[in-house]
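Undergrad: Attaching a predicted model along with its sequence, questions to come.
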Number of protein chains: 2
Amino acid sequence: MKVVRSIILGLASILLLSTGLAQAQILTDEAAAVASERGLSESDILAALKTYMPSGELDDYVMFSSGGQSGQVLVIGLPSMRLLKVIGVFSPESWQGWGYGTDAQEILASGSDNGVELTWGDTHHPALSETAGDYDGQYLFINDKANARVGVIDLRDFETKQIVKNPVANNDHGGAYVTPDTEWVIEGAQYSVPTSGTYASIDEYNEEYQGMVTFWKFNREQGRIDYDASFAMELPPYWQDIADAGKLVSDGWVFLNSINSERYTGGFEEGKSPFEVGASQNEFDYLHIINLDKASELVAAGRAETVNGFKVLPLETSAAEGVLFFAPEPKSPHGVDVTPDGKFIVVAGKLSPTVTAYSFQKIQDAIAKGTSEQDPYGIPILAFEDVVEAQVEIGLGPLHTQFDNQGYGYTSLFLESAVARWSLDGSSGEEPWTVVTKTPVNYNVGHITAAEGDTVSPDGNYLVSLNKWSVDRFVNVGPLLPQDLQLLDISKSGEQMQVLYDMPMGLAEPHYAQIIKADKLNPWQVYPETGWNPTTQAVDPIAAMPGEERIERDGDTVHIWMTAVRSRFNPERIEVKKGDRVVWHVTNIERAVDNVHGLALPDYNINLSLEPGEAQTFEFIADKEGVFTYYCSEFCSALHLEMAGYLMVSP
Amino acid sequence: MKVVRSIILGLASILLLSTGLAQAQILTDEAAAVASERGLSESDILAALKTYMPSGELDDYVMFSSGGQSGQVLVIGLPSMRLLKVIGVFSPESWQGWGYGTDAQEILASGSDNGVELTWGDTHHPALSETAGDYDGQYLFINDKANARVGVIDLRDFETKQIVKNPVANNDHGGAYVTPDTEWVIEGAQYSVPTSGTYASIDEYNEEYQGMVTFWKFNREQGRIDYDASFAMELPPYWQDIADAGKLVSDGWVFLNSINSERYTGGFEEGKSPFEVGASQNEFDYLHIINLDKASELVAAGRAETVNGFKVLPLETSAAEGVLFFAPEPKSPHGVDVTPDGKFIVVAGKLSPTVTAYSFQKIQDAIAKGTSEQDPYGIPILAFEDVVEAQVEIGLGPLHTQFDNQGYGYTSLFLESAVARWSLDGSSGEEPWTVVTKTPVNYNVGHITAAEGDTVSPDGNYLVSLNKWSVDRFVNVGPLLPQDLQLLDISKSGEQMQVLYDMPMGLAEPHYAQIIKADKLNPWQVYPETGWNPTTQAVDPIAAMPGEERIERDGDTVHIWMTAVRSRFNPERIEVKKGDRVVWHVTNIERAVDNVHGLALPDYNINLSLEPGEAQTFEFIADKEGVFTYYCSEFCSALHLEMAGYLMVSP
């Protein structure tokens, strides 16, 4: 049979070759049998071949996704849709040693001002740092909606370096977004509260509650947000939602949409409409158009007030100085996304089955022309017809828009569970501002993200649909189901837009994500030098160094200088007295890639992850008598279990 | 061209059909182009087709993996190798509401007896509950090596229901394992310490430090470990390592191996050998052979002593009553695994390039014959040659062994980075006790796990190699690299054993895993009734119920009875005074699958995940003045953002 098959296949090959179809291959008997047994269709086989990654082959793209209420950032390879890493940001991550004894613990707890330690966050929108409007692979920013914080991740080691707490907001949703050179990180609050942090009756909502957007100044050299150089802008007490920075022609401007321009305050329990009804009455809410450059100049000129020690530009000032304008946007809108050329601002209608494209040039013209319309707080309202370029009838529940390199926009349709592809102003070759096709997704898509889709030069190729419900897509794992991240092939034009892969997300609820070319990332594989402090990103002068291991007592304090190397700690025996303060320095002195050691200390809730070269210092009071075994918690060698030592606490 | 191609393909099809190769398929032009462009080999294509899961297709198997020092359990579908869920066990998981306000917080903190709240664990060995030696899909047990704890997960809702702290051990490694009907859950300590929890000088190691194995009695009806019906056995101060329960003919016995029979105590800092050398001198350590049935009878007969309030069978009693025997095992061994028929106990040599198969019958014969050899603590040592059935020269660094349905054993080789397939006593048709083939893995494999591989009837088909290092397998994501879980096809006999898939594991260090047929799991999709308390697995009498929402003040305590349904909370406004105690009951009254709501309360570190029907109660002191917005933290509908309310704390 084998001989016959060879002849046949040979013949087929010759025939195929002779007709120029040299690339056509015939599946092996076994592969064909598998495809048949599994019932794989032609498009399944195509999707399998596009996404399968043989051992050692590297993905083309890396997606940075928020983990939603997990407080993390997820790092996912495309097209394989494999989870490469989880980065601890607002929540502790014991396997990374994030929040279990080291400096990281202080970063993690930033913003805990209520006698309650904050140990989670609700991450929504990751933003890769940009240079000239293109992702540069250096930093990643992410917001915590629950507690109004922003985290800064250094992409040299994929670790969180800073968390800033917003002093004039209790929550945020409109962050993080960056300006094209990462000068500013945008954080818009969502639910209006009295921003001074004090109590005010809900009956005084219109007067005593405020909206807010904050512009964090980023110091790229230091890799930190500069708190003192940052400022916020007071806004009316609508619920500001999502933001985007202008780019190219619209650089220097920021666009922020809003819901609940009704200023509805709830009260379903008293027979009133619930928020979902009361905040959805108006046909139009307000697109906030912000002249960030001018706002920044005013703050520099001393026009900000101080609230909770933070610079805040008053609403009257913004209104009077031409910093803030409104344009009507239908209806309880959600996403606002600036096109790659910076010319249009696309707002998805949510309760309106449209996307509305505002022209930046028309906005400028309308501002120049002036308007007599104002909202109750004196903010000028530009006329809808003056600033809109086009409106696309897109479908039910439009939420977010992304862009590719073919002149298409893509909008998620929550209620239709679909991704719509539509044409922008004509560069796609299709009729402008028209829906081209829709691909169903499973189910209830929130955000979508395209490869380099927020830059001035999107890649196209792939789009990920971040679906909120999976329902029947995966094996039943109980009442809390995974989300479903679906990879779509958007490389072809027109109606061709295939779902390639369903990735269950069973550890988080990804909210938004950005996709960068993998070759733009160049992280360290080991820390540059032995004794490296990841917080300062420099050699730590107090790091334990090889040859200098020791234990020193200084009154009631015991200092330990320890090194870790396959497969031993030095020292292996530590004697202290009950009540001693123990200050423990430990350095992983390995230099080989992947040669990580852990240091677990039972009963004291301490676990470190020490990457090659990394030095850490932690301390605790040895307040429990007994014998405790510290050990390496990262499987490092065949004698990994023998990498341990005794901490003996005598009475 | 399309017409020509159709003719050619048609011709090829006819030719193939005519030779009986009906299943052979020709790739579409596009698929062939993709395969060619991506450089996929025939075996790559085969692997892609075997592992690719079209949208909505369900995996055949579910793997429960420890998360290592992440403190979690990972749920992974096979053959797609997709992460379906992370279960919070010893570490908080904010997206699941695990440890952020509810009853779960108390379970999570179990064992925190040092003034330090334990918020992580080092999970090692998950054990699925068994009935007659087969996985039954009801419960999962997992140990915490760092703090000597065992967690119990209910597979009706995939949530942790109990964590028990071992009162006579500071750490464990030899757990969790279950007996064939899940009567007992085994937890072996690792590093010997004074088990009373008091201090003793390391100089008194031989006398004052003890080894320990604990047998937790499981009450299947209650779904809980019965603390009072459980007991421990004192052991010599070797470092007991891994355990396995006997099955079928060896049911009622437990096998536990050990390292450091040298009783080495370290001291590298003083010029002594490090542990890795000092604990690796002996050619043989001791396989511990435990008659669990007899031990249990002795405890029932009052022969246990009480240590820290817990029943402990003294070493002398075990020695005198024939409960504990030793057999020599080469050399600093690691895994001990009982064959599916229960006849052999396979020990992997770690520093010996062998696996040693002990015969349970020979052990019984040797015990009956008697021995005059004893260890320093009076434990009888059976002669190696009396109890060994066979020794297989397996390769370098053998760690763990699994079994299939073809009569093969599989052993991980850490130093060779390979999985060895070898023949058992002849049922495979190969020469008995011989290596058949090896497949390289990338890199440094620890545990391996085969489908239903710990049961009396393994499935074969798949084996997962849990590799500790990935080095160059994936896109560089910084100095802390993912692990690499490789899926191997073991369905064929002889030398055929192909790596099908590389799954990066970037959120944990999986230690061990078990694989169960997916159709054995039957979890709830929604909770059985509205008002369900997941801790008690019953309707909660204090649950907030629809129609009974209200706010009641009782002195300084404010009780809230709240329901959540798309897309509103009831009530939406809550007024309290600073310093009030707030007791908040909330019920998700949805009945549709996947209809989860969250409840996030900024600044108070509270986040709940409320699955359909679930009721929770949490409380806090409202000790901060101001206005806080609680909101739904699980994207539930198009008006999800409007699902919010105001908590107003007046001075």
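TA: Noted; the coordinates are in hand.
Undergrad: Let me see the contact set for A:Phe344.
TA: Contacts for A:Phe344 were tallied using CB atoms under 8 Å, 6 or more residues apart in numbering or on different chains; they are A:338, A:357-360, A:389, A:424-425. For the C-beta atoms, the positions are set from N, CA and C on the backbone; glycine is no exception.
Undergrad: Can you spell out which residues form a bridge with it?
TA: In this entry, A:Phe344 is beta-bridged to A:Ser359, by DSSP bridges.
Undergrad: coming back round to it: JSON lines for the contacts of A:Phe344, including neighbour count and pLDDT?
TA: Below are the contacts of A:Phe344 laid out as JSON lines (neighbours: other CB atoms under 10 Å in any protein chain shown; pLDDT from 0 to 100):
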{"residue": "A:Val338", "neighbour count": "29", "pLDDT": "98"}
{"residue": "A:Ala357", "neighbour count": "25", "pLDDT": "98"}
{"residue": "A:Tyr358", "neighbour count": "28", "pLDDT": "98"}
{"residue": "A:Ser359", "neighbour count": "18", "pLDDT": "98"}
{"residue": "A:Phe360", "neighbour count": "24", "pLDDT": "98"}
{"residue": "A:Glu389", "neighbour count": "20", "pLDDT": "98"}
{"residue": "A:Leu424", "neighbour count": "26", "pLDDT": "96"}
{"residue": "A:Asp425", "neighbour count": "16", "pLDDT": "90"}
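Undergrad: Buried residues in stretch A:428-443, which are they?
TA: Judged by neighbour count (16 or more other CB atoms under 10 Å in any protein chain shown), stretch A:428-443 contains these buried residues: A:428, A:430, A:432-433, A:435-436, A:438-439, A:441-443.
Undergrad: Looking at those, spot the one nearest chain B.
TA: Looking at the buried residues of stretch A:428-443 and their distance to chain B, the nearest is A:Asn442, at 6.3 Å (CB to the nearest CB).
Undergrad: Show me the helices in the stretch 201-350 of chain A, by range?
TA: A:205-208, A:275-278, A:292-300, A:315-320 (DSSP state H, counting those that start in this stretch).
Undergrad: likewise the stretch 51-200 of chain A?
TA: Going by DSSP H, counting those that start in this stretch, the stretch 51-200 of chain A shows helices at A:103-108.
Undergrad: any low-confidence regions in the stretch 501-650 of chain A?
TA: Within the stretch 501-650 of chain A, the set of residues satisfying pLDDT under 70 is empty.
Undergrad: what sits against the spatially closest residue to A:Asp60 that is not a sequence neighbour?
TA: Spatial nearest neighbour of A:Asp60, chain neighbours left out: A:Ala518 (5.8 Å); criterion: CB to CB, 6 or more residues apart in numbering or on different chains. The contact partners of A:Ala518, taken as CB under 8 Å, 6+ apart, are A:58-62, A:77, B:475.
Undergrad: 7 Å instead?
TA: Taking CB atoms under 7 Å, 6 or more residues apart in numbering or on different chains, we find A:Ala518 in contact with A:58-62, B:475.
Undergrad: taking these one by one, which sit in strands?
TA: Among the contacts of A:Ala518, the members found in strands (DSSP state E) are A:61-62.
Undergrad: Which of the contacts of A:Ala518 are buried? Put it as a ChimeraX command.
TA: Here is the ChimeraX command that selects only those of the contacts of A:Ala518 that count as buried (16+ other CB under 10 Å):
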select /A:59,60,61,62 /B:475
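Undergrad: what distance separates stretch A:272-290 from the centre of its chain?
TA: 26 Å (CA atoms, centre = their mean, to the nearest Å).
Undergrad: same thing with stretch A:292-303?
TA: 28 Å.
Undergrad: And for stretch A:375-387?
TA: Centroid displacement of stretch A:375-387 relative to its chain, using CA atoms, centre = their mean, is 32 Å.
Undergrad: what's next to that stretch, contact-wise?
TA: With CB under 7 Å, 6+ apart as the test, stretch A:375-387 has contacts from A:236, A:286, A:315-316, A:319, A:324-328, A:358-359, A:362-363, A:366-367, A:371, A:373-374.
Undergrad: got the residues of the stretch 351-500 of chain A near chain B?
TA: A:397, A:414-415, A:442, A:446, A:468-482, A:499 (CB under 7 Å from any CB of the partner chain).
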